[in-house]
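Asker: Fold the following.
(6 chains)
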Protein chains: 6
Amino acid sequence: MRVLVVNPNTTAGMTAKIGAAAKAASSPGTEIIAVNPAMGPASIEGYYDEAFALPGLLQEIAKGEKAGTDGAVIACFDDTGLDAARALATMPVVGICESALAAAGMIATKISVVTTLSRSIVPIEHLVRKYGFAERASVHASEIPVLALEDPKSEASSVLRAAIAAALKSDGSDAVVLGCAGMADLAKALSSEFGVPVIDGVSAGVRMIEALVGLGLKTSKTGAYSAPLHKTYAGLLSPFAPGKIGA
Amino acid sequence: MRVLVVNPNTTAGMTAKIGAAAKAASSPGTEIIAVNPAMGPASIEGYYDEAFALPGLLQEIAKGEKAGTDGAVIACFDDTGLDAARALATMPVVGICESALAAAGMIATKISVVTTLSRSIVPIEHLVRKYGFAERASVHASEIPVLALEDPKSEASSVLRAAIAAALKSDGSDAVVLGCAGMADLAKALSSEFGVPVIDGVSAGVRMIEALVGLGLKTSKTGAYSAPLHKTYAGLLSPFAPGKIGA
Amino acid sequence: MRVLVVNPNTTAGMTAKIGAAAKAASSPGTEIIAVNPAMGPASIEGYYDEAFALPGLLQEIAKGEKAGTDGAVIACFDDTGLDAARALATMPVVGICESALAAAGMIATKISVVTTLSRSIVPIEHLVRKYGFAERASVHASEIPVLALEDPKSEASSVLRAAIAAALKSDGSDAVVLGCAGMADLAKALSSEFGVPVIDGVSAGVRMIEALVGLGLKTSKTGAYSAPLHKTYAGLLSPFAPGKIGA
Amino acid sequence: MRVLVVNPNTTAGMTAKIGAAAKAASSPGTEIIAVNPAMGPASIEGYYDEAFALPGLLQEIAKGEKAGTDGAVIACFDDTGLDAARALATMPVVGICESALAAAGMIATKISVVTTLSRSIVPIEHLVRKYGFAERASVHASEIPVLALEDPKSEASSVLRAAIAAALKSDGSDAVVLGCAGMADLAKALSSEFGVPVIDGVSAGVRMIEALVGLGLKTSKTGAYSAPLHKTYAGLLSPFAPGKIGA
Amino acid sequence: MRVLVVNPNTTAGMTAKIGAAAKAASSPGTEIIAVNPAMGPASIEGYYDEAFALPGLLQEIAKGEKAGTDGAVIACFDDTGLDAARALATMPVVGICESALAAAGMIATKISVVTTLSRSIVPIEHLVRKYGFAERASVHASEIPVLALEDPKSEASSVLRAAIAAALKSDGSDAVVLGCAGMADLAKALSSEFGVPVIDGVSAGVRMIEALVGLGLKTSKTGAYSAPLHKTYAGLLSPFAPGKIGA
Amino acid sequence: MRVLVVNPNTTAGMTAKIGAAAKAASSPGTEIIAVNPAMGPASIEGYYDEAFALPGLLQEIAKGEKAGTDGAVIACFDDTGLDAARALATMPVVGICESALAAAGMIATKISVVTTLSRSIVPIEHLVRKYGFAERASVHASEIPVLALEDPKSEASSVLRAAIAAALKSDGSDAVVLGCAGMADLAKALSSEFGVPVIDGVSAGVRMIEALVGLGLKTSKTGAYSAPLHKTYAGLLSPFAPGKIGA
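Answerer: Numbers count the residues shown, from 1 in each chain, chains lettered A, B, ... in the order given. Purely as a prediction, here's the structure:
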């Protein structure tokens, strides 16, 4: 099984970390192909960055599908472009927020999501609601910028620990979901430390996509994920028109 | 007052029709500037097209704000990129789905939304829910492609009438919202014909943005609509980085 | 355009303040007619007062419509009698809670409503839910009686400031809605002070009704807002029977 | 135990029927005092009539409480003025919509409410939601005017039967609630005929108020049902000011 | 009228206390038969205990119905086996959580539920949601084990008082529901002490079942509460097969 | 990896079919141990059967965990005893309704669940809501008894096909979930026939539990799934007391 893991930002160091986490979480026999787009933002912090991550992300999905990957994971916690990727692809595609919540919901009753900046709370709350976890999950910000997680000298780790402790207490929750792909390497240590399951979305995403591929499931093409209709895309974006992208 | 109306697809004929509807709906003293991006899809039908409409749309928002417009209307019924546009701009920005629902909700109790293709039902249902109308509004598809609305020889008009009649009956509704900017010219005739308010989002959007501008309100910059953080955007998209876009 | 602004309590000084705020918020060419009933409670604080504000309020709506006003604003934050007024009138009618939330929802993501007495929290929470803002808006009481807002010697202003500061912090909100018509004169100063949009419902109501009138929309008469059926009203209330009221 | 049953409209024949149903449903030892106001609409069909039923209704509640009744039932299916009555009274007060839904919810899983005119659907749906039955109860109109239920020559009964049959089928429900006090005499026969529980709100209201009184419960006076604050009521309505009403 | 009150745990002392509370709450002429199963857990604290309370509970329901009782109350705040009991019985059956919430909802606007251990919060929250009180009721744990309520030397009472005080403050509620049958004897004193209605579910359950029986209502047998289909039950549980249980 | 698949009814033929489906769906290296209890109902159709399936089911979970299985799947579509099993076990446990919905939600937008008897609609709707799919999934009955699915001469297959076709049309859905473990062998053929993903819960459950085990996740023991407290279980059920069960 070949699984594409797309980091939708353009920071290669973060892609490497995500790829390592994905590899560590994968089943024997699964090949992880971790990529990031050549174009777009260095990190995704809020709605604006998300918009400009889409073209590169979708191009990677198209290239992956043409190269014969069996499924894809979008490795940013705002599940960047997930609906568009599903419309584009026939292979199954999952997001890491979606996957982490699905896994957490099967082993715990209340979930604290701890993300980076407070500007991401509302977008993640929209996902929480969309995925059906509004009554079970609360979203908290640690105020750690995404790329500070890549900096070994930052205080990110201790700040994150404090945010998790506060969230567990105020939510009365029995599981934690880490709300950024850049936190993928921290889950196991934090779980030991806090005595509750701490779930990393990259790992969860890899196992969820393996499950869907293993079940022989493909994205449904009769509803809102129907294949894009062929039409003209103008200007700079003409290479991304349906049928042309990834060609 | 100068109001920017952005048709986020690249079909100039549709922009002209939208601009005319916007002008007809505007107050005396309001200048309507109707534009469309130079890049992106010819029509927006589903999640994939929406993703590629964003760069061009946001560029027009940035250019508009730099040129001193007072507010903006995004004239596609999936409210393409509305959250990203609000993060980008300080002027207020509204979507036509949002505006039409807000207006309909003040004159009626139950609302039938009639849109184009069935692949748009789920995305619009997400908006209906996000804007708080899940208990009051139902979404129906007429299966008319967007650009068929631009073709005087199509049967779009009679198909749309049949879809409206069916929706009113099944919903027990007392108002209709037209679910595509390309239907802007039909609202008045349909309202007379069906005996209920029929609301066009382009017109509603113009009046809603006039209201916000008139109130002196600007997009809040302390939460999820905070200004994008300065960072590197790579490759093809580097001109769209925060601080560079629209320059 | 002629806009009727009805203060549904009988305190003339408050009507004057509301009228001034309405005038200040209105577009050029809009005539504001601010009135209050001759009968009913001096202020509306809870369900009981609200019930007795209805006859006088509806009489003013009827008189206004007969006099040819184009639309009406009900200027009490519990949106007193809004549904009954819509059933009575064909002109559009808006409430100030409804209008303030609609405006706030277009420029911010989370809203703190700060009202007067805690007995009004539940009634306003019902409105918040009815208008679709249950996931975005929280209601707080400052414990300032309505008429204390009319008393220049009261400490209302400083108490209100403290309540707003507390609400912004506990809600993580990015906009404030003032939950009483008597706070109409404070919005601009509070917005500067707190660095977030602070929305007054009277102003928002005027601009919303201008929008609806400008769109040529009238209250739908085929559903729950159908015209009252003619029937006998007995005793003291016989002059208010459908067809007689406002005659 | 003395239970006040207030028919909030002014049709004495309907009050008599309601009183008989209340008496038939009451426990041994309960005295039923069935009244209607001297002022207000002959029937309540929609929001406007409801507004003008309030003064008379609340006067009857006040008089009843002063006369020492132990609890009150408001016998109109829109639960006219229930919140205001609770603020006014210390004795417990229930509505017949609320009571019928509470009873139905304890013996069945899905509930079809069948009311009179379609203009009442939305107001009743608001009650259904407020009382927590939005996922379990659907509201249907038979298009029978309220007073036609008082006319032995009308076809009301057969029209109602057809509406019930249709509702049971479309809802997949296992109980019916009759959505008008004027249907109180029909419940037993309809239950036999349809083979499901058919619940009359007047009967349910009497038994619910008996339950509350028997438990020694009184309306809470620390929240939204706090006693009305003393203040001036002007003009025609001055006799209804808190402290004066019912004196 | 004969009312069966089943304490679904096997602690006889608690059954006696529940029976006394039920008797004290009942109407003249109601006979209370308080029982507990001969098999199952000594107390019900969480999902596991609940599962093993079901066989004994359902056997008592079957025996009661065969003995001609008119209705039944399940006297554990997790409403143990309520749906199964309704499928089994034709007499009406109520739970004490359900009954307490129904009563509280008729005299107050916001409800604080205070239960025993925090592991019961989520199960009770599911009931709160199922019964339609999610927007009005919050659940709190006092961390008192169920059987500590039976021990006169424990500090349960003072711990409970502190939990109630904290809940009223944080919820802004105007009523308290005691979340354990073992607290039945405390309601009146706590109500006096806190100045708000404090509702005991056992008492409420007795009065609610009296109401249903008085109305002549029986559990609906056409939907999810249809009588169990006859089939083989194997092994240890064969005596509980439909048609055999209680024989 | 060793995965326990518990058919909670006592029909061995159905266990064999479930075991075969589980084996077919499992990853290389996963050992499937398919069992059913020695006690309890031959099929689970409604709340009553479900109650008596619990002791046997939980005993199998306990025995499985003691024997060192890594995770468990409960193979009945009402997710019989899932919460109790999670409280009992430290290994992760999933239900097939939960798993099927999770998988369906990642490849489609709207889901039709087609189950056996209509008495199961409400229990499954409760699960749908609990798992967060209330806005995306609708439940339909085919009126096929569970054991008819085991009878090669029954017309179950053609009846099921008709029910699926009707559900897809009325729901506008783009995926089908089969609402009974006894339908596990039909998914692939139905998917081909209807051109949409058709998901079998047994298969989905196996892949979901593999995912959780692969992630190293265990059931959280700090909240509602805390280990049962040690206490006396009386009578027939004493061998099932916490600490004794499975010994």
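Asker: got the buried residues for the longest helix seen in chain A?
Answerer: Of all the elements of type helix in chain A, the one with the most residues (DSSP state H) is helix A:47-66. Across helix A:47-66, burial judged by 16 or more other CB atoms under 10 Å in any protein chain shown covers A:47-65. Any C-beta I mention is one placed from the backbone N, CA and C, and that applies to glycine too.
Asker: Near chain B, list only the ones from these.
Answerer: A:Tyr47, A:Tyr48, A:Asp49, A:Glu50, A:Ala51, A:Phe52, A:Leu54, A:Pro55, A:Gly56, A:Leu58 (CB under 8 Å from any CB of the partner chain).
Asker: Throw those residues into TSV and include distance to D:Val113, thanks.
Answerer: Formatted as TSV, these follow (distance: CB to CB, whole Å):
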residue	distance to D:Val113
A:Tyr47	42
A:Tyr48	47
A:Asp49	49
A:Glu50	44
A:Ala51	46
A:Phe52	51
A:Leu54	46
A:Pro55	51
A:Gly56	53
A:Leu58	48
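Asker: how does chain A divide into domains?
Answerer: A:2-95+A:204-240, A:97-200 (automatic domain parsing).
Asker: So for the shortest one, mean pLDDT?
Answerer: Taken as a whole, domain A:97-200 has a mean pLDDT of 96.
Asker: Not including adjacent chain positions, what is the nearest residue to the residue in chain A that chain C sits nearest to?
Answerer: Chain C sits closest to A:Val122 of chain A, with a gap of 4.6 Å, by CB to the nearest CB. Leaving out its chain neighbours, the residue that sits closest to A:Val122 by CB to CB, 6 or more residues apart in numbering or on different chains is B:Ala224, at 3.7 Å.
Asker: State the distance from that neighbour to chain F.
Answerer: 22 Å (CB to the nearest CB, to the nearest Å).
Asker: Kindly report the same for A:Lys169.
Answerer: Here A:Lys169 is placed at a distance of 12 Å from chain F (CB to the nearest CB).
Asker: How about the secondary structure of that residue?
Answerer: helix (DSSP: H, G, I helix; E, B strand; the rest coil).
Asker: Show the contacting residues for the residue of chain A closest to chain C.
Answerer: B:Gly223, B:Ala224, C:Thr109, C:Lys110 (CB atoms under 8 Å, 6 or more residues apart in numbering or on different chains).
Asker: Can you tell me which of those residues is closest to chain A?
Answerer: Relative to chain A, the closest of those is B:Ala224; by CB to the nearest CB it sits at 3.7 Å.
Asker: Quick check on that closest one: phi, psi?
Answerer: Here is the backbone geometry of B:Ala224 (degrees, to the nearest 10): phi -70, psi -10.
Asker: could you measure it against C:Ala175, distance?
Answerer: B:Ala224 sits 11 Å away from C:Ala175 when distances are taken as CB to CB, to the nearest Å.
Asker: what about the two, which has more around it?
Answerer: Set side by side, B:Ala224 and C:Ala175 show more neighbours around C:Ala175, with 32 against 24, by other CB atoms under 10 Å in any protein chain shown.
Asker: Where do the strands of chain A begin and end?
Answerer: For chain A, applying DSSP state E gives strands covering A:2-6, A:31-35, A:40-41, A:71-74, A:93-95, A:111-115, A:137-141, A:175-179, A:198-200, A:233-234.
Asker: Turn those strands into TSV, including distance to B:Leu236.
Answerer: Formatted as TSV, the strands of chain A follow (distance: least, CB to CB, whole Å):
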stretch	distance to B:Leu236
strand A:2-6	17
strand A:31-35	16
strand A:40-41	9
strand A:71-74	20
strand A:93-95	23
strand A:111-115	28
strand A:137-141	31
strand A:175-179	29
strand A:198-200	31
strand A:233-234	14
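Asker: so which of these gets nearest chain B?
Answerer: With CB to the nearest CB as the criterion, chain B lies closest to strand A:233-234 of those, at 4.2 Å.
Asker: Direction included, what does that closest one pair against?
Answerer: Its sheet considered, strand A:233-234 pairs with strand B:40-41 (antiparallel) by DSSP bridges.
Asker: Which stretches in chain A count as helices?
Answerer: Per DSSP H, chain A carries helices over the ranges A:12-25, A:47-66, A:82-88, A:96-105, A:121-130, A:156-171, A:187-194, A:201-214.
Asker: Which strands or helices does the second one pack on?
Answerer: The helices and strands touching helix A:47-66, judged by 3 or more CB pairs under 8 Å, 6 or more residues apart in numbering or on different chains; DSSP states H and E, are strand A:2-6, strand A:31-35, strand A:40-41, strand A:71-74, helix A:82-88, helix B:47-66, helix B:82-88.
Asker: ok, so of the ones next to chain B among the buried residues of helix A:47-66, who is nearest chain D?
Answerer: Comparing those against chain D with CB to the nearest CB places A:Tyr47 closest, at 31.5 Å.
Asker: How about the contacts made by the closest one?
Answerer: Listed by CB under 8 Å, 6+ apart, the contact set of A:Tyr47 reads A:Pro123, B:Asp83, B:Ala84, B:Arg86, B:Ala87, B:Ala224, B:Tyr225.
Asker: what do you get if the cut-off is 7 Å, keeping everything else the same?
Answerer: By CB atoms under 7 Å, 6 or more residues apart in numbering or on different chains, the contact list for A:Tyr47 reads A:Pro123, B:Asp83, B:Ala84, B:Ala87, B:Ala224.
Asker: A:Thr69 too?
Answerer: Neighbouring residues of A:Thr69 by CB under 7 Å, 6+ apart: A:Arg2, A:Val3, A:Leu4, A:Ile33, A:Met91.
Asker: Identify the residue spatially nearest to A:Ala89, adjacent ones excluded.
Answerer: Closest to A:Ala89 by CB to CB, 6+ apart is A:Glu65, at 5.1 Å.
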